[in-house]
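Student: Sharing a sequence plus its predicted fold:
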Amino acid sequence: DSGGEVAYLAAAQAAPSTLAPVIARFGDAIDKGRLLPDVPDSAFAALTELKGKLSDEQYRIQENRLRIALEDRGQQVILRYLTGDQVPQNQRDFQGGEEYYRAARRLTPESLFLEGRQDFMRGRALLFDKNYAQAADLLESAVRIDPGGAHAYNALGIAYLEQADYQRAIPAFRDAVKRAPHWTYPLHNLALCYIETGDSAGAIRTYKQAIRLTPQYSYLAYNLGLVYQRLNRRKDAEASYRLAMKLAPESAEPYNALGSLKSSTGKPREAEQFYKQALEKNPGMLAARHNLALLLADQKQRLPEAIDLWRENLRRAPDYLPSRLSLAGALSDPKEAAQEYRAALKERPEYLAARLALAEVLLKSGDTESALGELQAAAKQNPKSSAVYEKIGDLEAGRNRRAEADAAYETALQNAPDSGAAKRLRKKIHK
């Protein structure tokens, strides 16, 4: 404000003339955003030169200028967060905010306010690394220091939500809503909690509340459509998806969702058109290309098209397992299929279904020993799986190795999931 500017000028005039260039350099660094200690020609470096050369009052004026500038940069990150824009902030935004608050604390280390803001920034950044426990600790600290801050409650709720701790996530999001009743983001997160806990009515109610607050945000209508589709309320789902399309014409997600909806209602032509529109808007949308391939694979004469689409997805993203597994299942050559399953297991060694499928295609190709090796690996990873041991028993029985087969069947029987499975296994054991 004008009072601060007058105070600054007075301090500069009262300072020795030899310090005027340093003070000018200090002001230039602040004006141009060179605030952090480790940047070239930073305001911190100039402030260090001034220490001990200005009176205490004059130095404090300069120090306050820098601290206010640092706090303002950090506050901008929080304000963008509270705006709840459709484009989410990234990890670097919060890491940058933490740097500004850390630097401000160097000037005022006793400030609990700055400590709370730094904890929030650090905790929110850790959520991107899936370090939920440490993030929750920092965010709980931020809430204790600043119990009125909606931003910290929302971030804390996310930490709990990602750990499926809904009993703590829901109150955290409600606290955020209470402190910022016009902020959409915690309402969206609260609705996600309701979905995960089976409270569809609560999710719908919360999304509608959010839409009333920010009717321009397409992602709210889109997510409401997903809830309706789960409930098989197809007309409501379609209306929500079309609203999302109207609000964000260039967004591919509503088109993909409408394709899925039309596919589930037995309208493959319409579904195909929506999937293709999604890909026109976003050629890199793996889910739309995968869904289109699934649709085409149901039509025998178009299976080659589906295979090409899955291969294109894997060319773009070799770790995209849905397309990898679907491609493996569609290939007629067992050796080619085995190659795809092995690629999937390289990404996810614990994926039981892929390992069992690999064992099956190895058997079809006549490689019994390799098939047995995969089943034994599956049994090692899942020692309580009755189905895995039953498959081992079947394989050994097929090779007339009765002792090995019976041993596998006995283990399967010990872990049988129900009486029907137990009855079937007893019949297989050689008496």
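Tutor: Received it, and whenever you're ready, just let me know what you need.

Student: thought residue 148 was touching residue 179?
Tutor: Yes: the pair residue 148 / residue 179 is scored as a contact, 6.1 Å apart, by C-beta atoms under 8 Å. (C-beta placed from N, C-alpha, C; glycine too.)

Student: So for those two, which residue has more residues nearby?
Tutor: More neighbours surround residue 179 than the other of residue 148 and residue 179, with 17 against 10 (other C-beta atoms under 10 Å).

Student: Hmm, that one is touching residue 149, no?
Tutor: Yes: under the contact definition of C-beta under 8 Å, residue 179 touches residue 149, with a separation of 7.1 Å.

Student: Show me which residues of stretch 59-75 are buried.
Tutor: Residues of stretch 59-75 classed as buried by neighbour count (16 or more other C-beta atoms under 10 Å): 59, 61-63, 65-67, 69-71, 73-74.

Student: what does stretch 367-381 give?
Tutor: Within stretch 367-381, the residues that count as buried by 16+ other C-beta under 10 Å are 367, 371-372, 374-375, 377-379.

Student: Check stretch 148-166 too.
Tutor: Neighbour-count burial for stretch 148-166, counted by 16+ other C-beta under 10 Å, picks out 149-161, 165-166.

Student: Kindly report the same for stretch 139-149.
Tutor: Buried-residue list, stretch 139-149, by 16+ other C-beta under 10 Å: 139-143, 145-146, 149.

Student: Okay, residue 267 and residue 238: tell me how far apart.
Tutor: Relative to residue 238, residue 267 is positioned 11 Å away (C-beta to C-beta, to the nearest Å).

Student: which regions of the stretch 301-431 of the chain sit below the pLDDT cut-off?
Tutor: 431 (pLDDT under 70).

Student: So which residues of it form helices?
Tutor: Secondary structure of the stretch 301-431 of the chain by DSSP state H, counting those that start in this stretch: the helices cover 303-316, 321-330, 334-347, 352-364, 368-381, 386-398, 402-414, 419-428.

Student: Make a markdown table out of the buried residues of stretch 59-75 and add secondary structure and pLDDT.
Tutor: Formatted as a markdown table, these follow (DSSP: H, G, I helix; E, B strand; the rest coil; pLDDT from 0 to 100):
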| residue | secondary structure | pLDDT |
| --- | --- | --- |
| 59 | helix | 89 |
| 61 | helix | 91 |
| 62 | helix | 90 |
| 63 | helix | 91 |
| 65 | helix | 92 |
| 66 | helix | 94 |
| 67 | helix | 93 |
| 69 | helix | 94 |
| 70 | helix | 94 |
| 71 | helix | 94 |
| 73 | helix | 93 |
| 74 | helix | 94 |
